[in-house]
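Asks: attaching a predicted model along with its sequence, questions to come.
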Amino acid sequence: MNGVRVGKRIIGAQAPVIVGWENIPKVEGGPVKQIFFTWFQPTMLFALIAFWFYAPNSIAKASTAIGIGIGFKLLLLGLEWLAPRHESWRLTWKELTTDLFYVGIGFTVVRLIDSYIGDGAMIEAIQHAFDWEKFAWFTGLPLLVQALMISLVFDFGQYWMHRGMHNWHPLWLAHAPHHYITQLNVNKGAVGNPVELFLIGLGIGGFFDFVPRAALLAGAFGLAVGTYQHINVRFNSPRWWRFLFNTTEHHSVHHSQDFEASRSNYSNTWVIIDRLFGTCVDGEAELLGMEGGRPMSVRETMTYTFTEGWKSARERFGRRSMGPMASAPMVPAE
Amino acid sequence: MTGGASAADRAMAFDATSPRAPLGYSVYRRFIDGIWHVEGSLALAPGDSADDAFERLDPLFQQTGTTHDRAGDTLTFRKENQAAQDKMAVFDGGVLRIEQDAPGLMLRYRLASRALLFCFLAPFLFLAFAQTTIVLGKFEQARTAAKGKKPEVKKPPVVLNPIDKALGAPEPDPPKKKKKADEDDKKPSATPAYVFAGMFAALYVIGRVLEDRRIKALFRRRLLNA
């Protein structure tokens, strides 16, 4: 495999990756199917924005957002079943059950830990030091501007956390289990070690005081854009959409078995952040995972971060304590 | 790959399903062991021998991470790190045996699934999470009461931007005094844990029935339509 040069990197030298939008297949089928899978994404996004913009205060609340989130994911699961992007990514009972286990862990244990040491707790601890009058300008901005800022600030934080995970070994140990997934399905975003779920949930959005409606609008971007990262459905995403937003195609490249390809497309919602920092690769991959596609069991996913962390720490610090001779390389250096 | 399944695996096969098995043991097999084991039988196509049947089923045991061992009329297999799209991915091992029955040759199988066991136990795990959340919530309540009420952070009233007003967005509600219920909303709730416990209970029932039918259909397709 020769791979394709993208900037300074060769993408697809280790595993097949399609590079370039013009090379990506389109939705196949009749005109109704074509129209549906071309307009579904923008329609849902604008419908959600309109809903949260105009919904009366009695409806515009977090519980409604949770309900819409569940309904939307059920709809996407239905689409996966009716029109799968790849047969090799078909959702089985075992995959669905395993994915939901991680979703459940995120909603229970991780949330519980988050309430003690998460961003909310940290922000609350220093919140009293703030002079809120200084932040009044933010709540005076138009709702959509506030929503865009919340979404972009949160995604900017996620981008650097994610990029850090791929570049700093201790963080990689938390993120690695997520890269053992071999297919993309609606709930696959939750698959991973709970330490990662905790880390990726950290944000600085809580520092801003915003109109609650703006937060709900920002959530609409997360739901109607971010959810498509992990999904087994092919859409004919419009050109402007794939320029601004992360898509299934982008994220499949990120999960590719090709090492260089996996070091791209770090953002959660706004792929434009990747474009700004030179980490965007437009393309798609079907063959996903690590170690040639070795699946990771639930038990290993839960323990990997700690067992590998222990091994790495022992290797690093144990060797140092054994004196200079112990640090002599046992294998030829790269 | 062949030869990975042990003699012990073969020994776990079918003796207990025989009518001579003691009643207590068969109850155990049905209600306890049956939680994560799937059993069944299928008649072979007329004229087919054990060799023909195992040859037709062979592709199922040529998957990545699958080892199998055939001894006469018995095939034992084991799966480790099976691929998601392996048609038998839900099973981790099992025994298939061809037996002579009244109507002719029959395939009897008994397959073990850790995924089914895991799904069966998952509701209990989430119920434990719910209880932990409740206990920690009570502990936190006591701690907050001992610490006294926190001073409220004074925030300026929210005024809607004129652009939003012109577009018809509803005005935000005036800031109200924090009620106790509002404070409780921020605390972790046990409800998600109960919801997931229920969800896994439902998934278990679906999976136990569905996977039983799927594997039977898969064997039937292989044996009769090959």
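Replies: Alright, I've got the coordinates.
Asks: low-confidence bits of chain B, can you list those?
Replies: Applying pLDDT under 70 to chain B flags the ranges B:1-25, B:149-156, B:176-186, B:226.
Asks: how about the residue nearest the centre of it: what's its closest non-neighbour residue?
Replies: By Cα atoms, centre = their mean, the mean C-alpha position of chain B lies nearest to B:Cys119, the distance being 3.4 Å. Once flanking residues are discounted, B:Cys119 sits nearest to B:Tyr204: 4.5 Å by Cβ to Cβ, 6 or more residues apart in numbering or on different chains. C-beta coordinates here come from the backbone N, C-alpha and C atoms, glycine included.
Asks: and that neighbour, what does it touch?
Replies: When contacts are counted by Cβ atoms under 8 Å, 6 or more residues apart in numbering or on different chains, B:Tyr204 is found next to B:Leu116, B:Cys119, B:Phe120, B:Ala122, B:Pro123.
Asks: export the helix or strand harbouring A:Leu79 as PDB, just CAs?
Replies: Mapping A:Leu79 onto the secondary structure by DSSP states H and E places it in helix A:62-82. Once non-C-alpha atoms are left out, helix A:62-82 reads as follows in PDB (Å, rounded to 0.1, in the frame of the first residue of the first chain):
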ATOM      1  CA  ALA A  62     -33.300  20.100  30.000                       C
ATOM      2  CA  SER A  63     -35.800  17.300  30.400                       C
ATOM      3  CA  THR A  64     -37.200  18.100  26.900                       C
ATOM      4  CA  ALA A  65     -33.700  18.000  25.500                       C
ATOM      5  CA  ILE A  66     -33.100  14.600  27.100                       C
ATOM      6  CA  GLY A  67     -36.400  13.300  25.500                       C
ATOM      7  CA  ILE A  68     -35.500  14.700  22.100                       C
ATOM      8  CA  GLY A  69     -32.000  13.200  22.400                       C
ATOM      9  CA  ILE A  70     -33.400   9.700  23.100                       C
ATOM     10  CA  GLY A  71     -35.900  10.000  20.300                       C
ATOM     11  CA  PHE A  72     -33.300  11.200  17.800                       C
ATOM     12  CA  LYS A  73     -31.000   8.300  18.700                       C
ATOM     13  CA  LEU A  74     -33.800   5.800  18.300                       C
ATOM     14  CA  LEU A  75     -34.500   7.400  14.900                       C
ATOM     15  CA  LEU A  76     -30.800   7.000  13.900                       C
ATOM     16  CA  LEU A  77     -30.800   3.400  15.100                       C
ATOM     17  CA  GLY A  78     -33.700   2.800  12.800                       C
ATOM     18  CA  LEU A  79     -31.900   4.400   9.900                       C
ATOM     19  CA  GLU A  80     -28.800   2.200  10.600                       C
ATOM     20  CA  TRP A  81     -31.100  -0.800  10.500                       C
ATOM     21  CA  LEU A  82     -32.900   0.200   7.300                       C
END
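Asks: elements contacting it?
Replies: The helices and strands touching helix A:62-82, judged by 3 or more Cβ pairs under 8 Å, 6 or more residues apart in numbering or on different chains; DSSP states H and E, are helix A:31-54, helix A:212-224.
Asks: now do the helix or strand just after the shortest one: distance to the chain's middle.
Replies: Put plainly, it is helix A:212-224. From helix A:212-224 onward toward the C-terminus, using DSSP H and E, the following helix or strand is helix A:239-244. Computed by Cα atoms, centre = their mean, to the nearest Å, the chain-centroid distance of helix A:239-244 equals 17 Å.
Asks: and helix A:239-244, what other elements does it pack with?
Replies: Contact partners of helix A:239-244 among helices and strands, from 3+ Cβ pairs under 8 Å, 6+ apart: helix A:272-277.
Asks: return the distance of the helix it packs on from the chain's centre.
Replies: Here the centre of helix A:272-277 is set off from its chain's centre by 15 Å, with Cα atoms, centre = their mean.
Asks: would you mark the buried spots in it?
Replies: Buried positions in helix A:272-277, judged by neighbour count with 16 or more other Cβ atoms under 10 Å in any protein chain shown: A:Ile272, A:Ile273, A:Asp274.
Asks: tabulate those (a markdown table), appending distance to A:Ile10.
Replies: Rendered in a markdown table, the data for those read as follows (distance: Cβ to Cβ, whole Å):
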| residue | distance to A:Ile10 |
| --- | --- |
| A:Ile272 | 24 |
| A:Ile273 | 23 |
| A:Asp274 | 18 |
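Asks: pull out the buried residues from stretch B:135-153.
Replies: Residues B:Leu136, B:Gly137 are the ones in stretch B:135-153 that count as buried (16+ other Cβ under 10 Å).
Asks: correct me if wrong: B:Arg222 contacts B:Leu60.
Replies: Yes - if you go by Cβ atoms under 8 Å, B:Arg222 and B:Leu60 touch, sitting 6.9 Å apart.
Asks: returning to what we had before: out of the contacts of B:Tyr204, which sit inside helices?
Replies: With helices defined by DSSP state H, the entries of the contacts of B:Tyr204 inside them are B:Leu116, B:Cys119, B:Phe120, B:Ala122, B:Pro123.
Asks: tally of neighbours for the first one?
Replies: Summarising burial for B:Leu116: neighbours were counted as other Cβ atoms under 10 Å in any protein chain shown, giving 26.
Asks: contacting residues around the nearest residue to it once chain neighbours are set aside?
Replies: With sequence-adjacent residues excluded and distances taken as Cβ to Cβ, 6+ apart, B:Leu116 is closest to B:Trp36, at 4.5 Å. With contact set as Cβ under 8 Å, 6+ apart, B:Trp36 has these partners: B:Ala112, B:Ser113, B:Arg114, B:Leu116, B:Leu117, B:Phe120.
Asks: the residue of chain B positioned farthest from its centre and A:Arg90: what is the separation?
Replies: If you look at how far each residue of chain B sits from its centre, by Cα atoms, centre = their mean, the farthest one is B:Pro162, at 53.5 Å. Spatial separation of B:Pro162 from A:Arg90 under the definition Cβ to Cβ, to the nearest Å is 51 Å.
Asks: can you tell me which residues contact the residue lying closest to A:Asn193 once chain neighbours are set aside?
Replies: Using Cβ to Cβ, 6+ apart and skipping residues adjacent in sequence, the residue nearest A:Asn193 is A:Thr305, 4.4 Å away. A:Thr305 is in contact with A:Leu173, A:Ala174, A:Ala176, A:Pro177, A:Asn193, A:Val195, A:Glu196, counting by Cβ under 8 Å, 6+ apart.
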